[in-house]
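[1] the following block contains a protein sequence and its predicted model.
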Amino acid sequence: MFELSVKGTFSAAHNICGYEGECANIHGHNWVVEIRVGADKLDRIGMSLDFKVIKKILMKVIGSLDHTYLNENPFLEGLNPTAENLALVISKGVDSLLPENARLIAVTVWESDNSSITYYS
C-alpha cells in the first residue's frame, strides 16, 4: 500500500466545556491538520493519488472551520470542540469525499507546535 500525507491549517476559537482550567475560557489556535491516505495501486503514469486532489479535499473540509467559534460551528454537531472531536469529524468529512481508490488511514490535529491527537480510521 502507498501512503500519502497532506497538511492544511485553519484558525479558530473554542472553549472546552466541562474542563476545569484555563481551557474552559474562550481562546484560539492556529490548528494544523494532517491527513494520511492509502492507495493500493498506481495509475498508468505511476501515481497512486494526486497530492492536489487530496489537499483540495482536506481544504474543503477544514475550510468550514476556519475563523469560526468551534463551539457554535454546525460541522461539530454539538460536540465539545476538543482536538479529539475535531479529528473525528474531519475524518468523517474527508472520508466521504475521497476517490474510490483511496482510503483514509489517519487524521492528526495539532492545536500547538507540541500537542497533537491522531485518530485512526
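    Noted; the coordinates are in hand. Residues are numbered from 1 along each chain as shown.
[2] from here on, just use CA atoms for contacts and neighbour counts.
    Will do.
[3] for residue 80, the count of nearby residues, please.
    Each residue near residue 80 was counted by other CA atoms under 10 Å, and the total is 18.
[4] cool, the one 10 residues further on as well?
    Here the number of neighbours of residue 90 (other CA under 10 Å) works out to 24.
[5] which one is it nearest to, not counting chain neighbours?
    Closest residue to residue 90 apart from its sequence neighbours, by CA to CA, 6 or more residues apart in numbering: residue 61 at 6.6 Å.
[6] for the helix or strand hosting that neighbour, which positions count as buried?
    Per DSSP states H and E, residue 61 falls inside helix 51-63. The neighbour-count check on helix 51-63 (16 or more other CA atoms under 10 Å) flags 54-55, 57-59, 61-62 as buried.
[7] can I get these in a markdown table with pLDDT and distance to residue 12?
    Compiled in a markdown table, the buried residues of helix 51-63 are given as follows (pLDDT from 0 to 100; distance: CA to CA, whole Å):
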| residue | pLDDT | distance to residue 12 |
| --- | --- | --- |
| 54 | 97 | 22 |
| 55 | 98 | 20 |
| 57 | 98 | 19 |
| 58 | 98 | 16 |
| 59 | 98 | 14 |
| 61 | 97 | 14 |
| 62 | 98 | 10 |
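[8] is residue 71 in a helix, a strand, or coil?
    helix (DSSP: H, G, I helix; E, B strand; the rest coil).
[9] that one against residue 24, yeah?
    No - counting by CA atoms under 8 Å, residue 71 does not reach residue 24; the two are 11.5 Å apart.
[10] report the contact partners of the spatially most central residue of the chain.
    For the chain, the residue nearest the mean C-alpha position is residue 90 (4.2 Å; CA atoms, centre = their mean). Contacts for residue 90 (CA atoms under 8 Å, 6 or more residues apart in numbering) come out as 61-62, 107.
[11] so which of those comes closest to residue 6?
    Using CA to CA, residue 107 is the member of the contacts of residue 90 that lies nearest residue 6, at 10.0 Å.
[12] quick one: the helices in this protein, in order.
    Counting by DSSP state H, the chain has helices at residues 51-63, 83-97.
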